[in-house]
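**Q** A predicted structure for the sequence below; I have some questions about it.
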Amino acid sequence: MIAFVSMNYFSRIWCVYELASFCKHHQGEALHERLMLVSLDWPSSLSPASSPTLTETERGVLASFRCREAECFKPCDRATVLAAVRKDWGSEAAFDTFVQHDLVKVLEESKTRYSTWLAQVTSDTLELMFGS
């Protein structure tokens, strides 16, 4: 799964549901190989601000994650999603802990892969344009 995310992704109830369902289904199966989170806020690899390490803001969004606090338009959506999270994860707290600890590693590995892939694409493009 590739999820194109902003930091708001983690605050929307249906995004939480998507993430919780996928992660539970693939938990223990090298999740970092099956899930790639690509932030819409990451700079291109050519940017001087580009870095494969997570920013404090990125870490903070996940460290403060609480699925119960995710936003929704209809209260029945919250009830439906939180019931599904409790069914799959045993409790909301168990999923919160997963996001706060394990998902940080997935986001970090995703950012490193993103940075590496962009650098490779840039290199390949330059080679095609100018030869080796």
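**A** Perfect, I can see it now. Numbers count the residues shown, from 1 in each chain.

**Q** middle-most residue in this protein, spatially?
**A** Compute the mean C-alpha point of the chain, and by C-alpha atoms, centre = their mean the closest residue is Leu37, 3.8 Å away.

**Q** that residue in helix, strand or coil?
**A** Following DSSP: H, G, I helix; E, B strand; the rest coil, the label given to Leu37 is strand.

**Q** does it touch Lys105 like I think?
**A** No: with contacts counted by C-beta atoms under 8 Å, Leu37 stays clear of Lys105, the gap being 10.9 Å. C-betas here are computed from N, CA, C, even on glycine.

**Q** what's the longest helix in the protein?
**A** helix 104-130 (DSSP state H).

**Q** so which residues of the chain form strands?
**A** 2-5, 36-39 (DSSP state E).

**Q** what stretches of this structure score poorly on pLDDT?
**A** The chain contains residues with pLDDT under 70 at 29, 44-50, 119, 132.

**Q** one more time with 90, if that's ok
**A** 3-8, 27-33, 38-55, 57-58, 75, 108-132 (pLDDT under 90).

**Q** count of neighbours near Trp117?
**A** 13 (other C-beta atoms under 10 Å).

**Q** which residues does it contact?
**A** Residues in contact with Trp117 (C-beta atoms under 8 Å, 6 or more residues apart in numbering): none are found.

**Q** and it, how far from Met36?
**A** 10 Å (C-beta to C-beta, to the nearest Å).

**Q** surely Ala108 touches Thr53?
**A** No, residue 108 isn't Ala; it's Glu. Yes: when contacts are counted by C-beta under 8 Å, Glu108 is listed as touching Thr53 (7.5 Å).

**Q** the more surrounded of those two?
**A** Counting neighbours by other C-beta under 10 Å for Glu108 and for Thr53 shows that Glu108 has the greater number, 18 against 10.

**Q** ok, now which ones touch the more buried one?
**A** With C-beta under 8 Å, 6+ apart, Glu108 has these contacts: 53-54.

**Q** quote the end-to-end distance of stretch 6-20.
**A** End-to-end distance of stretch 6-20 (C-alpha to C-alpha, to the nearest Å): 17 Å.

**Q** for that stretch, buried residues please.
**A** 9-13, 15-17, 19-20 (16 or more other C-beta atoms under 10 Å).
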